[in-house]
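1. dropping the sequence and predicted coords here.
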Amino acid sequence: MVKFPLKFEVSAEAGPGIENNWIAQSDELPPIQSAIPAEFMGPGSGYSPEDLFALAVLNCLIATYKVYCAKAQISFQQIRGRTILTVDKQPSEAGFYMSHLEFFLDVTGCSQPEQGKKILESAIRDCAVSNSVKSGKSFHVTVE
């Protein structure tokens, strides 16, 4: 049984200059190179905040699906996900925001495709990270 609330701690360390990468890390996991994306005049040679944002939601969807399938004893060979993140300008402000996430989720080798699709729909509905962001979302799913 999971006891809430859960806490996850991450850290990052950076020097000055938009051309310089920095290191981000979670717990004792290997550090990842982070960078300002080329679209914002950075080097684009590491994971950008935008990359990590989209990956966080995608990974949560995949993790939730895996847990739900395990609990329902539904097997599958692979879940493959891809996300397109749209960053746009605020209509009345100078800032930017993540306006939309478009997800493509494909499950192959599912032992019970109809049930697998229902489980994927539940994972989409229940994903904690997805439910915590206000960006628009659209989903394209296949379960075979």
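-> Received, thanks.

2. got a list of what the closest residue to Arg82 other than its chain neighbours touches?
-> Setting aside the residues directly before and after it, Arg82 is nearest to Phe104 in space (CB to CB, 6 or more residues apart in numbering), at 4.5 Å. For glycine as for every other residue, the C-beta is placed from the backbone atoms N, C-alpha and C. Listed by CB atoms under 8 Å, 6 or more residues apart in numbering, the contact set of Phe104 reads 81-83, 140-141.

3. of the residues you listed, which pair is most distant in space?
-> Thr83 and Val141 (12.8 Å; CB to CB).

4. pLDDT score for the residue nearest to Arg82?
-> Model confidence at Phe104, expressed as pLDDT, equals 98.

5. start at 141 instead
-> Sure thing, new numbering starts at 141, so read that last one as Phe244.

6. and it, backbone torsions?
-> phi -120, psi 110 (degrees, to the nearest 10).

7. what is it paired to in the beta sheet?
-> When bridges are called by DSSP bridges, Phe244 pairs up with Arg222, His280.

8. please enumerate the helices of this structure.
-> Secondary structure of the chain by DSSP state H: the helices cover 189-212, 253-266, 268-271.

9. report the buried residues of the longest one.
-> For helix 189-212, burial by neighbour count (16 or more other CB atoms under 10 Å) applies to 189-191, 193-194, 197-198, 200-202, 204-205, 208-209.

10. can you check the second one too?
-> Within helix 253-266, the residues scored as buried using 16+ other CB under 10 Å are 253, 256-257, 259-260, 263-264.

11. do you know how far Lys206 is from Gly182?
-> 33 Å (CB to CB, to the nearest Å).

12. for this protein, give me the ranges with low pLDDT.
-> Counting by pLDDT under 70, the chain shows no low-confidence range.

13. can you list the domain ranges for it.
-> Following automatic domain parsing, one finds the domains of the chain at 150-180, 189-283.

14. which parts of the first one are buried?
-> In terms of neighbour count (16+ other CB under 10 Å), domain 150-180 has its buried residues at 161, 164, 172, 174-177.

15. just send the buried residues of helix 253-266 back as a markdown table, with distance to Met141 too.
-> Compiled in a markdown table, those are given as follows (distance: CB to CB, whole Å):
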| residue | distance to Met141 |
| --- | --- |
| Pro253 | 31 |
| Gly256 | 26 |
| Lys257 | 28 |
| Ile259 | 21 |
| Leu260 | 24 |
| Ala263 | 20 |
| Ile264 | 24 |
